[in-house]
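Q: please work out how this folds:
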Amino acid sequence: MRANFFPTGTTSYFGYTYNGSSFINSSTCSDYLAVTIDSSGNWSGTMQAKIDVSSNSYAGSGNYGFKIRRYTQSCSSYIWSNETTITASYSNSTPTPTPTPTPSPGSSSSFTISNIPTELDSDKTFSVSISLSLSNSPSTKFYLKGAFKKEDSTNYFGQTKVSGDWVKNSSSYSDQYSITTDSSGNWSGNLEMKVDAFDSGYEGGGDYKFKVGRYTDSGSGPTWSNESSIKINYKEVTGSDEEIGVINLSQVSPSPESKVLSVNSEPEDLPEIVYSLENYRKVSTHSALPKATAEAVIKSQKGINPFIIIGGIIVIGSLSFSFYIYYQYRLKS
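A: Take a look at the predicted model:
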């Protein structure tokens, strides 16, 4: 932040700003007083400024306008505060710099991540370092989760390791990694992360953003950390049926209310083809979710044809009748 004096009705700014170590008048915005807002976007404090009597814009004792210019961190833009009028009295005395201004009491917070790799294979894991400082939240429980996403997307994905298990980004906040701040509201540690190659947010190899989300114990959030760029290299990744979305037919049970609509009792000559789902292997692709196919087990069903039995009876009956006629004929002869 920079203090600015100016003759009323002009834009001829001049003056010095105390940045915590000295009074300066610089063309570089980062030389001025730096402040950090809290998680609610607030900051309050004091600034020290003095008139530059050597400036061409200074015309001696009289009234001058005064306002504060606030720059962004990148110095790419700024906005002005409201204006006020100050009466200046010329003096030959040299002012003595005052100590660094102390901000008035208020909340302060920071939530930063570091040690993110610039490049990662999709089948590998990595550890991200986290630093959390919440002066207004001592001894407070929070939940953390890592998240990947494309540059212009809000479709987050990724898995965070919690007590030896991998928890998806889409899982409930209470399933994520829990932490508790100390008596000063601070916590630092690491999260173990990996890419969720079977999530719809993963579009294969390419550039992604990574950050960490924070939830309160009641589920409010997420509040996000700073963001880091990461390049993900596509690798084939095997996954369980549950991860991929394949239904295990052997575990499907019919409903108690199921009804048999019809039964075909006629035998059919069907090929005996057996495929095993247990040996089916799932592989992720970089373009779409894997497609698993399964073919049913078909057993040939063969029974005794009743027409064969009936035909046999008819043949035996015919032979018996013919023999009886022949026998009666011989007796009469």
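
Q: mind checking which helix or strand of this protein has the lowest mean pLDDT?
A: Between all helices and strands in the chain, the lowest mean by mean pLDDT, DSSP states H and E belongs to helix 241-244, at a mean of 57.

Q: let me know the average pLDDT across whatever helix or strand comes next after that helix.
A: Following helix 241-244 in sequence order, the next helix or strand is helix 306-332 (DSSP states H and E). For helix 306-332, mean pLDDT rounds to 79.

Q: which SSE is the residue most central in space within the chain in?
A: Closest to where the C-alpha atoms of the chain average out (Cα atoms, centre = their mean) is Ala147, at 2.7 Å. Using DSSP H and E, Ala147 maps to strand 141-149.

Q: by contact count, what packs against that strand?
A: In terms of contact count using 3 or more Cβ pairs under 8 Å, 6 or more residues apart in numbering; DSSP states H and E, strand 141-149 is assigned the packing partners strand 125-134, strand 159-162, strand 177-180, strand 186-194, strand 206-216. Placement of C-beta: from N, CA and C, glycine included.

Q: walk me through the domains of the chain.
A: Listed domain ranges for the chain are 2-88, 109-233 (source: automatic domain parsing).

Q: distance between the ends of the last one?
A: The one in question is domain 109-233. 35 Å (Cα to Cα, to the nearest Å).

Q: going forward, count from 2.
A: With 2 as the first residue, the last one maps to domain 110-234.

Q: quickly list what the residue nearest to the centre of the chain is bridged to.
A: Applying DSSP bridges to Ala148 gives these bridge partners: Lys212.

Q: circling back: which one of the domains of the chain has the most crowded surroundings?
A: Counting by mean count of other Cβ atoms under 10 Å, domain 110-234 has the highest mean neighbour count of the domains of the chain, with a mean of 17.

Q: what about it, distance to the chain center?
A: Distance of domain 110-234 from its chain centroid, counting by Cα atoms, centre = their mean, to the nearest Å, is 7 Å.

Q: quick check: the gap between Ala60 and Ile87.
A: Taking Cβ to Cβ, to the nearest Å as the measure, Ala60 falls 14 Å from Ile87.

Q: my error: substitute Gly21 in the last question.
A: 22 Å.

Q: shouldn't Val168 be in contact with Gln160?
A: Yes. Between Val168 and Gln160 a contact is recorded at 6.3 Å, counting by Cβ atoms under 8 Å.

Q: could you check how far Lys236 is from Thr161?
A: Applying Cβ to Cβ, the value for Lys236 to Thr161 is 20 Å.

Q: re the thing from before, ok, which of the helices and strands packed on strand 142-150 comes nearest Ile315?
A: strand 160-163 (73.6 Å; Cβ to Cβ).

Q: quick one: list the elements packing against that closest one.
A: strand 142-150, strand 166-169, strand 178-181, strand 187-195.

Q: partners of it, with directions?
A: By DSSP bridges, strand 160-163 pairs with strand 166-169 (antiparallel), strand 187-195 (antiparallel).

Q: I would like the residues contacting the shortest one, please.
A: Residues outside strand 166-169 that contact it (Cβ atoms under 8 Å, 6 or more residues apart in numbering): 146, 158-162, 176-178, 195, 197, 200.

Q: and it, what's its mean pLDDT?
A: 97.

Q: put the alpha carbons of that strand into PDB.
A: Output in PDB follows, covering the C-alpha atoms of strand 166-169 (Å, rounded to 0.1, in the frame of the first residue of the first chain):
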ATOM      1  CA  ASP A 166      -7.000 -46.500   2.600                       C
ATOM      2  CA  TRP A 167      -7.400 -44.400  -0.500                       C
ATOM      3  CA  VAL A 168     -10.400 -42.000  -0.300                       C
ATOM      4  CA  LYS A 169     -11.900 -40.500  -3.400                       C
END
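
Q: contacts only, for Pro8.
A: Pro8 neighbours (Cβ under 8 Å, 6+ apart): 58, 60, 65-66.

Q: in helices only, show me the residues you listed.
A: Among the contacts of Pro8, DSSP state H puts none in helices.

Q: thinking again about what came up before, the domains of the chain: lowest mean pLDDT?
A: Across the domains of the chain, domain 3-89 has the smallest mean pLDDT, namely a mean of 88.

Q: one step back: pipe the helices and strands packed on strand 142-150 into JSON lines and attach distance to Ile25 per row.
A: Putting the helices and strands packed on strand 142-150 into JSON lines (distance: least, Cβ to Cβ, whole Å) gives the following:
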{"stretch": "strand 126-135", "distance to Ile25": "29"}
{"stretch": "strand 160-163", "distance to Ile25": "45"}
{"stretch": "strand 178-181", "distance to Ile25": "41"}
{"stretch": "strand 187-195", "distance to Ile25": "32"}
{"stretch": "strand 207-217", "distance to Ile25": "35"}
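
Q: do you know which of the ones you listed lies nearest Lys142?
A: Nearest of those to Lys142, taken as Cβ to Cβ: strand 178-181 at 5.0 Å.

Q: now do Gly190 against Phe143, distance only.
A: To Phe143, Gly190 is 12 Å away according to Cβ to Cβ.

Q: which residues do the two both contact?
A: Common neighbours of Gly190 and Phe143, using Cβ under 8 Å, 6+ apart, are Ile180.
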